[in-house]
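A.B. asks: Sequence first, then the predicted structure, then my questions.
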Amino acid sequence: MLNYIWLFFILSALIIGAFTGRTEAVIQSAFDSASSAVSLAIGLIGIMAFWLGIMKIAEESMLINIVSKLVKPIAVKIFPEVPSDHPAIGAMVMNMAANILGLGNAATPLGIKAMEELEKLNKNKGIATNAMCTFLAINTAGLQLVPIMIIGVLKENNYTNPTKIIGMTLFAGIVALIIAIIICKILEKLPAFKPNNIESEVGNV
Amino acid sequence: MFKELIDCFSLLAIPFILTIILLHAAFKKVKVYETFIIGAKEGFEVAVRIIPYLVAILVAIGMFRASGAIDLISIYLKPVLDLIGMPVETLPLAIVKPLSGSGSFAIMSSIIEAHPKDSFIGWLSATMAGSTETTFYVLAVYFGSVGIYKVRHAVIAGLITDIAGILASLFICRLLL
């Protein structure tokens, strides 16, 4: 899947760029993006180390398991493959809470922690599990209580009552969240997306 | 009033979480310092591990955006937009949103600045920008951190989620404005 998307992005960029006379800009953008990807990752190290350290403490003290138990009734429905008292659930809940509160730089390390826990349950290394895909889709819904940056822009442009945006983004975010969960439940059952059917390709990567 | 409450809540969330985690650990007699170090060590490894994934995704997206492909897509999608009543000005935002967080924020700001205050297009862009997350960034970072390269239905599910967020934004803006 990602093979085709990646190929599509790069080839269409090269072809369209040639037609629109932007080849130089396309190539320059490739180099710039590569550098900024590295600075982005390096920039994450500190905050990542901090939150992964804190999360290790929460894991060691079994606090994550307690959080997992609290959301058991919902978690078993959305992530049926994950044992309900598994630390993965606790980590996912904390990631979602951080997203909803708009704590962006805490959300990423917590999400990575959740992915590491989910990976422990993964039997086919290198291939995403159902729970991982659902977790990713939930994250892309980007449900957020208060979009502070956006309110800032609206305020700057003298919009009347900029906080009105809270209700609107909340509505759209909840719709996206529900669709994300439903669509994952449907797609994961399709033969084309079964992990066994793509396993044979792994050797080629 | 509501906003002050939310702001206060957001401000207190992290200190609250830290206090709970540390007090609980102390109560359970966890060796907090050693344990923190063990966890923190992973931070560096994870950041380095996601680099190849981030480079692959961000390069592809960077090239795609620089080529002017998005303008081209906008032209072809215009009939569809007219059908659902979505202003064509907001389309670049909808397309860039799953690809780049900083890019879509910049587009949203420029749309809002280019249109009169309280305009439908302005409110719609703000709602769209606030309701979905950058799918490909999340994909690269989260799946990269555990070495997943066969993503199965994750991309499609993420993109459908993005479309759902955009349509829901359009719906709520039409309803309220």
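C.D. replies: Alright, I've got the coordinates.
A.B. asks: For the helix ranked longest in chain A, buried residues please.
C.D. replies: The residue-count maximum for a helix in chain A (DSSP state H) belongs to helix A:23-60. Neighbour-count burial for helix A:23-60, counted by 16 or more other CB atoms under 10 Å in any protein chain shown, picks out A:23, A:25-26, A:29-30, A:32-34, A:36-38, A:40-41, A:44-45, A:47-60. Any C-beta I mention is one placed from the backbone N, CA and C, and that applies to glycine too.
A.B. asks: Same check on stretch A:150-165?
C.D. replies: Judged by neighbour count (16+ other CB under 10 Å), stretch A:150-165 contains these buried residues: A:150-151, A:153-154, A:157, A:159, A:162, A:164-165.
A.B. asks: So is the helix with the most length in chain B next to chain A?
C.D. replies: When chain B is parsed with DSSP H, its longest helix is helix B:32-66. Yes. Counting by CB under 8 Å from any CB of the partner chain, contacts between helix B:32-66 and chain A involve B:32, B:35-44, B:46-48, B:50-51, B:54-66.
A.B. asks: Out of the helices and strands in chain A, which is least certain?
C.D. replies: Ranked by mean pLDDT, DSSP states H and E, the helix or strand of chain A with the weakest confidence is helix A:195-199, at a mean of 67.
A.B. asks: Could you list the low-pLDDT ranges of chain B?
C.D. replies: Counting by pLDDT under 70, chain B contains low-confidence residues at B:1-3, B:5-7, B:9-10.
A.B. asks: which stretches of it form helices?
C.D. replies: Listed in chain order, the helices of chain B (DSSP H) span B:2-27, B:32-66, B:69-84, B:91-96, B:101-114, B:120-131, B:135-145, B:154-176.
A.B. asks: if I look at A:G167, how far off is A:V146?
C.D. replies: 11 Å (CB to CB, to the nearest Å).
A.B. asks: Which residue is the nearest non-sequential neighbour of the spatially most central residue of chain B?
C.D. replies: Nearest to the geometric centre of chain B sits B:E133, at 2.2 Å (CA atoms, centre = their mean). Spatially, and ignoring its direct neighbours in sequence, B:E133 is nearest to A:G142 (3.1 Å; CB to CB, 6 or more residues apart in numbering or on different chains).
A.B. asks: Check B:F136 too.
C.D. replies: B:I57 (5.2 Å).
A.B. asks: Which residues are in contact with the one you found?
C.D. replies: Each residue near B:I57 by CB atoms under 8 Å, 6 or more residues apart in numbering or on different chains is listed here: A:6, A:37, B:136-137, B:139-140.
A.B. asks: In stretch B:148-160, which residues are buried?
C.D. replies: Buried residues in stretch B:148-160, counted by 16+ other CB under 10 Å: B:148-160.
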